[in-house]
Structure formats: structure tokens, C-alpha cells
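**Q** output the structure for:
(2 chains)
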There are 2 protein chains.
Amino acid sequence: MAKEVTKRSDDYSQWYDNLVVKADLAERSAVRGCMVIKPYGYAIWEKMQASLDAMFKKTGVQNAYFPLFIPKSFFSREAEHVAGFAKECAVVTHHRLMNDPDGKGVVVDPAAKLEEELIVRPTSETIIWSTYKNWITSWRDLPILCNQWCNVVRWEMRTRLFLRTAEFLWQEGHTAHATSKEAEAKAYEMVQVYADFARNVLALPVVVGHKSPNERFAGALDTLTIEAMMQDGKALQAGTSHFLGQNFAKSFDVQYTNKEGKQEYVWATSWGVSTRLMGALIMAHGDDNGLVLPPSLAPIQVVMVPIYKTEGEHDAIIAKMEEIKASLEVGGHSVRIDDRDTLRPGFKFAEWELKGVPVRIAIGPRDLANGTAELARRDTCEKISTQVEGIAETVDQLLKDIQQNIYAKALAFRDSNIRKVDSWEEFKEEIKKGGFLLCHWDGTAETEQKIKDETKATIRCIPIDSAVCEEEGKCIYSGQPSHRRVIFAISY
Amino acid sequence: MAKEVTKRSDDYSQWYDNLVVKADLAERSAVRGCMVIKPYGYAIWEKMQASLDAMFKKTGVQNAYFPLFIPKSFFSREAEHVAGFAKECAVVTHHRLMNDPDGKGVVVDPAAKLEEELIVRPTSETIIWSTYKNWITSWRDLPILCNQWCNVVRWEMRTRLFLRTAEFLWQEGHTAHATSKEAEAKAYEMVQVYADFARNVLALPVVVGHKSPNERFAGALDTLTIEAMMQDGKALQAGTSHFLGQNFAKSFDVQYTNKEGKQEYVWATSWGVSTRLMGALIMAHGDDNGLVLPPSLAPIQVVMVPIYKTEGEHDAIIAKMEEIKASLEVGGHSVRIDDRDTLRPGFKFAEWELKGVPVRIAIGPRDLANGTAELARRDTCEKISTQVEGIAETVDQLLKDIQQNIYAKALAFRDSNIRKVDSWEEFKEEIKKGGFLLCHWDGTAETEQKIKDETKATIRCIPIDSAVCEEEGKCIYSGQPSHRRVIFAISY
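**A** Below is the predicted model:
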């Protein structure tokens, strides 16, 4: 078959790149570092958006939209932020093209130079806080809970589809609060929303924790993260939620009058997930036959493939399939009948496996006579013969089982790749095998940096609510005392 | 009241600007020509998106995403297109900032100049057709029916919130077809989708027609449009659908093998509507008290305001309102109880009128005793006393009536401002009064331009399916023979 995918065991990285392209999720574009998200990939992203958006709105968040461009000077206001974001970015310097005087197409019109350069947003804290200044006067104006779905640009030198692209799609929430406590609670609430979403929708077990100061968002006092494990044992940061303190309020002079009539700076959070989640989805669940999509995100949940020789058989089977399709759609499932007459069933099976469709139903003449159908589940590749009578209930239950099984499988994999490591020699060996290493760390940036320099491993997070991490010990590197274990891993 | 809005009769233009800002729809940002869409405005846009997106998908269209940036050279490929779009645009020339050597913030790093400048998309035909080249080989790959929801940038010199901004949000559909006939049919189908949406969701009567060659999209063989009339009698182009012929296929060398094994260029359409529709909504229906939102697009369809003196009254009324709210929500309506205790009912009434909420329910102690409530409809400002028993049905019917009435009112206004004009002298007088003038035109670009130069009026469209236009006559300007009337108007 033309669309064969590299095996994970041969080359995990190439397997991923293959899968993204061959399953029609995305491809590289003519613009350096930018991707085209194809309809099948975008349909998955739309389902992610719909789930997350509903979850955000339940917490009182509203959507809004802020400008794509940020005046260059805005970045200079928050010192750490500029260091983290303003360096590798797309800079708009002119606003007009003109015909080339030499007749060769169009050139930039030197007369149309902007007074101040504009940066294509890499993230929107600065433009949003410059706006919030106008929205906030008194405690009555707080909290402000806004989110935007948009594109952002970070001029990454090495890009990979979905995982790291110059332009990507994301949502960024930006909230403003009267108190530190309320803002911290919001940052925590949102990381828990991400964790729920990852577990229940993406079927992705994640560890929730704090980032070490080194790994914090540029300008944050605390960064919370959800960290997932891919099948090669590497960590993938799947979403972050930041407590920004009063840093941006001070940079943009956003104060409010409290109930006592005093002026105070406003407290902030921001939080985001991006099309990177597409990469997580693919890498966490896919197998050597292709994608394995959780039913909650599959654009097509059930595909039906007729098996026939004569036209009469074809027509009778399709008629039966239409009946089944209608009964499944009543239950809210998305169903496709693959009636393409130029392709063999085997080719179709492989194609829908590649695309990760959770359930396949095949019906041949004998099935038709017997009132049966063959169900194949994508996650385990098992086939089951079932009665057509009551098939809607069977499929409904099967989809639920698949959703749970995909999660259970990923969880078992992750848990079997989390290990406690207590010495530096062991660490250097174990980190090569991948997985999450639970280690004591002395809490200093120096030690963290040295470990990274020697092994490429970073602290993925300091887990929250992890009994297994809460113990006294000694730093694997420096031997200094430590009060809890943290997670080290090689990451994407 | 602080939020008073300029009267339409005093200054229609200022009334509009006032309303956009005071009803919390949008505001100017710190970036020249770019707007911030505030949560209340964005919630309306989200409802527009949801309706349109479902309508597109019913026609077989799928969403996808293409890059924000377009290499400069792509614009040179289609000669008319570059003339129309590449001139006033945002040009990215560098990809890095660095610390100012003089210590004054950050400056563009001259070493990070791009080899080829990138244009922030003003529309995506070029980048999409360069992509379609890779997707299309044979007739089996056609049609391709893609849409994207995204931001675009056109460096407009004079901007107005929603109507004309440097950055705006829109959708752009781009389809590829094997035959001219099929592409033309798709362009027609999509303009009819827009017309349905305008009429049934926006409550906006529109005229569907062809643009004159002068007013066509840059690169199109035919542009279909929906044209709406605002309350000042000006026309607003609310959506366009283009038959692009093989222009872009030829520019990007997109050929397919037809069923006979021959190579042919692919046929194209593109079609779009934007946040400009927000402007149309405001200007078509608003009154001197504020917005008038059709129930289909109102983020809050029903607002309830309690009227009380004592805490006991308050609690009993709120309890009743919660009951009513629950019963309305069962019917799918969005409801808010305005229980803010620092504001008087009169202030709340004015605020929700300003924001265009279709139905207001007020309940006071006497209502509570009598089992009644006061309903106020925003479109007519009528108040009706009604029984609380069965109020869900009453409100449901009322919302339907309001939707229809808003449309009927706009239709009556429009029809009373469409006039046949048959002489040049009359035209020059009539055009000053606003409205759509149905006139004979000789079909030449020269005449069209002269009329525009002398009166600012343009041909808004050559109506489709309009019996009243199908007649022989003589051009109002040149006296040359004409086979049908066209619509002239002053436009936004």
C-alpha cells in the first residue's frame, strides 16, 4: 500500500512526521516554518476547541479579540517578557508594496516605512494589558475573564508540524483580579480544566505541577503545567497556566480603586493550549498502522465498508448500512459509509486505520443473510461479529469502551515509565531510557542547569498533590537536602 | 444617564460610532486601524459564525487553515490580484529584535532581514492555490471545498470600527472544480447561502446581484454580492462570492487529468463575509436608544429586572425569576437575571435597551401577588402585562415575532427607498436623498466612472431574479440602449 508508515521502533520521529502527512492532518507550506492544517486535521482541532470553549465558559470566561500586531515599544515595558518573546518574531516594518521600477514584480515601497515597527503577536499579554487599563477603574470592574482563539507567531529556527511551528493556533486566556489569592486560584482552576480536558477528551494522562523558576513563562511568578508522556518516553508540555502577579499591571499602569477607596495594582493570570495538542494526540496514541483517535475527537467515529461482488449485493448492503447510519446518528455519532467503487475493501480498511477511525463496520452478503455485521475496533484491532439488531447500543457502548481503553493504555504506559532515581550515576543511565524520573533536587537554578547541560533533561514539573513525591531526601546532583521529588525528563 | 447615544437624525455617523463603543461591542486599540472586539460584540460574532459554519458544512464545505504569511512573489503571479491587494498591506521584513546598543529598549536586528518579504494575508487565494497544486492530480481529487475562519489585514487609510479596519476577522471559502459550470454554480450557491443567512439570521433584507466589471474582486471573472440598505439610505456590501475562472489555477499551474486522460486547468471560486456584518447589524436595526438585536444573534435574549424595596420582596421576586429562567432555558433561550444591587431599575432598563436585548421581564411586588410580569419588547418598545403561568410559551412566541418584525421593518424601509430614476437631472437630485436608484446603464466602465466622479454613486449590483429590473430602456447618463436596470447607490 502506498501510504505505509515508518514503524515506531525503526524511527519514532519519522513515524510521527509520516503519520501527520499521510493521515492528511497537516503539511508544510510554502512559507518557512508555517503549516497548512488540512480538513481532517482541522476537524479534530475544531472538536478540541468546542470542548475547551464550553469548559472555559462554564468557569465564567468570555471570548474577545485583540489585535494581531503589537507596537514594538510594548515589549520593552516588561523586562523579562521582552527577553523571552520579543527576540525571535515577525516584524512588520512597511505598509505598502509598489511596482518594481525595473519591472520585476513588486518591491517594498521605502516611503511606506512605519514610524514604529509592529510585532506579530507571539502572545498577547502586552496588548491586552494596555487595553485592560481602559476597562478597569474600580473593584466593580473586576474580575475580567477573557479568552481569545487566534493565531500567534514565534520565529522558531527548527520546526515540526504541530509541535513547533512559526505560526500556530491557540487560545490564550487573560484574567484580571482584585487580589493575589483570587488570581492564584484562577490559574489553578484553569490548569485543572486543562487536566480534565486532557484526561477525558484527549484520553491523555497528565501530571499537573509547577514549573521550576527556570522554566517559567517570561514574566510569570508561577507557571502551572500539564505534562504528558509520549510513546518514546519523552515529555510533552501540553498546556500552561500562569500566575503573573502584578507584573503586567505595573508595566501598563493598571490600577483599581478598592472597596476602601485606595488605589491598587491589578493581579493577573494567563493560560493557553495550542495546536501542539494535535501532536500530543498523535504521539500518545498512534500505532504502526496509523492514528488512534479517541471517539470524543474523531471527526468520523464509525466508518462502514460494504463487501460485495454483484450490484444487487451492493444495493442491499448499502440500504442496510443507511439504516444503521441513521440509527447511529440518532445517538449523536458521526458516521460515514465508504461507498467508493474504485477501491477494494482492504485498501479502505487500511486507509481508515491510518486515519484512526475508532470503529469500522463491514457487511458482506453472508452478514446480510444472517443479520450480522463485523465490528473492528481501532484501538485493539480486534474484530467482533455482532447482530445488526441493536447495533446502535453495541456501537455506543463500544465507543465508550474505546475512549476508556485508550486512556487506560496510555496511563499504564506512563506509569510503567515513571521511576524513582536516587543517584547521579543511575540518573545518567536511566535518563537515556526515557520516561519520567522522580528525583530529589536542591531547588537551585544552577543545579537544574548543570543537569540539563550534562544530560539534556529538564525539570518538567514539581507535581501537585503527589504523595509519592512528598518526602525528604538529597539532591541527586549536589547532595543538598530536598523536601520533595520533582519530575525530570527529556522533552519535546 | 452617562451612556446617552447621539440621535440618528442629528448625526448618523456619530450615532454609529457611539453605539459601537457604548454598547460594549468594540473599541479602537493602541495599534493604528486595529480594533478590540469586546466580549459582548464577540458573542454576537460567535453566533454569526456558528450559523454560517453550519450552513457551509451542509453544502459539503470543510474547514482548514492556511498560513498567515504570503511570500511577496506570490502576489506577482496574478496581475490583477496584485494591483488590487498587494499595495496597501503589512510587510514583514525581519525576524528578530535585539537590545538597542544605546540601551533604549529593543530595535530591529538588521542581521535578521528576510530573504523574501512576507505579506500578512489580505486574502488567501495565492497561498491556497499554491497549496492546491499539491492536492490536485486527477478529476478524482475534485471538487475541493475548503473554508477558513481567520484574520486578514488590509492597510486601510481611513478606518471605522467593524466597517473598515486594518485587521478584521472573516471566513474565506476557496473551492476547486473540474468544470466552469460547476464552479459558477458553487459561486451562486454560496451567495444564496449568504442571502439566506442575512435574511433569516441577521434579519437583513438584501439584494443579490452581480457586480459590474469595475467593482469585481481583483482576479475574478464574476463577483456576486449581497447588498443591504442602512438607515441613512446608503448601501453596504455584506458578502461576496467570486467565480475566479482559471486565473489562479493558471498562475499557480494547477492542472488535473480529466476522465479522458487530458490535462486541464482547474476552475475556482472564493467567497467571504467578515466582521463588517457587525456594522450592518448595528446600522440596519439600531435606534436612538441603542442596539436592536434579532433574537437569533442576541447573546442575551431575555433579561429580567427585579423591582423591590425590601429584602423580603427581593428574595421572593428573585426566586420567581429563577423559576422563569429555568423554564426559558429549557426552550434553549439565553436568559440573565440582573440582580445588581447598586443600580436602579431605570438604569438597568436603559442599559439593556442600549445593548439591544430583545425581551425584558420586570417583576415587582404587585406582579408577584397577581402572578403577572411585565414584558417589554426591544424592537417596538411596547410593554405588555402577562401571566407568569405559561410565560415560556409567551416569550418563545414573542421572540419569533420580534425576529420577523425586525426583518419586516427593515424590508419596508428598504422598499420605500428603492426608486426608479430615468433621467440624469433626476438622478443627481435623487441620489442626494439616499436609497437604491434603479436605473438604466449602458454597460460601459466609462459611464460608470463618470457617474461616480460626478455623484459618488456606484453600481451596487446588477440584480438577479428581479422582474422590476428586466426591461429595455436608455442609459441615464449616455442615453445609449440598456436591457436592464441596475442599482446605483452611495455606499459604505
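**Q** domains for chain A, by residue range?
**A** Using automatic domain parsing, the domain ranges for chain A come out as A:3-71+A:130-285, A:302-413, A:418-489.
**Q** who touches the residue positioned nearest the centre of chain A in this structure?
**A** The residue lying closest to the centre of chain A (C-alpha atoms, centre = their mean) is A:Leu277, at 1.7 Å. By C-beta atoms under 8 Å, 6 or more residues apart in numbering or on different chains, A:Leu277 lies in contact with A:Met48, A:Leu202, A:Ala238, A:Gly239. To be clear about C-beta, it is placed using only N, CA and C from the backbone, and glycine gets the same treatment.
**Q** go through the residues you listed and say which is closest to chain B.
**A** Among the contacts of A:Leu277, A:Met48 lies closest to chain B (C-beta to the nearest C-beta), at 13.0 Å.
**Q** name the element the residue nearest to the centre of chain A belongs to?
**A** helix A:276-285 (DSSP states H and E).
**Q** follow-up on the earlier one: most tightly surrounded among the domains of chain A?
**A** domain A:3-71+A:130-285 (a mean of 20; mean count of other C-beta atoms under 10 Å in any protein chain shown).
**Q** relative to the whole chain's centre, how far out is that one?
**A** Relative to its chain's centre, domain A:3-71+A:130-285 lies at 8 Å (C-alpha atoms, centre = their mean, to the nearest Å).
**Q** for B:Lys72, see how far away whichever residue of the stretch 101-250 of chain A sits closest to chain B is.
**A** For the stretch 101-250 of chain A, the residue closest to chain B is A:Gly105, as judged by C-beta to the nearest C-beta, at 3.5 Å. The spacing between A:Gly105 and B:Lys72, counted by C-beta to C-beta, to the nearest Å, is 8 Å.
**Q** A:Pro122 now?
**A** 22 Å.
**Q** outside of the helix or strand hosting A:Trp129, which residues touch it?
**A** Per DSSP H and E: A:Trp129 is located in helix A:125-135. Applying C-beta under 8 Å, 6+ apart, the set of residues contacting helix A:125-135 from outside is A:66-67, A:70, A:74-75, A:77-78, A:81, A:121, A:141, A:144, A:146, A:174, A:176, A:219, A:244, A:248-249, A:251-254, A:266, A:268, A:270, B:27, B:29-31, B:36.
**Q** give me the nearest residue to the residue of the stretch 101-250 of chain A closest to chain B, chain neighbours excluded.
**A** B:Ser76 (3.5 Å; C-beta to C-beta, 6 or more residues apart in numbering or on different chains).
**Q** list phi and psi for that neighbour.
**A** Backbone geometry at B:Ser76, expressed as degrees, to the nearest 10, gives phi -70, psi -10.
**Q** do I have it right that it meets B:Val82?
**A** Yes: counting by C-beta atoms under 8 Å, B:Ser76 does reach B:Val82; the two are 5.7 Å apart.
**Q** so what sits against both of those two?
**A** A:Gly105, A:Val106.
**Q** please report how far the residue of the stretch 201-350 of chain A found nearest chain B lies from A:Ser212.
**A** Taking C-beta to the nearest C-beta, chain B has its nearest neighbour within the stretch 201-350 of chain A at A:Thr342, 7.7 Å off. To A:Ser212, A:Thr342 is 56 Å away according to C-beta to C-beta.
**Q** if we can go back for a sec, who touches the residue of the stretch 101-250 of chain A closest to chain B in this structure?
**A** Contacts of A:Gly105 by C-beta under 8 Å, 6+ apart are A:Asn99, B:Lys72, B:Ser73, B:Phe75, B:Ser76, B:Val82.
**Q** so what's the third one up against?
**A** By C-beta under 8 Å, 6+ apart, the contact list for B:Ser73 reads A:Gly105, B:Glu116.
**Q** next, format the domains of chain A as JSON lines and append distance to B:Leu161 and mean pLDDT.
**A** Formatted as JSON lines, these follow (distance: least, C-beta to C-beta, whole Å; pLDDT from 0 to 100):
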{"stretch": "domain A:3-71+A:130-285", "distance to B:Leu161": "12", "mean pLDDT": "97"}
{"stretch": "domain A:302-413", "distance to B:Leu161": "39", "mean pLDDT": "97"}
{"stretch": "domain A:418-489", "distance to B:Leu161": "43", "mean pLDDT": "96"}
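**Q** that's all I had, so thanks and see you.
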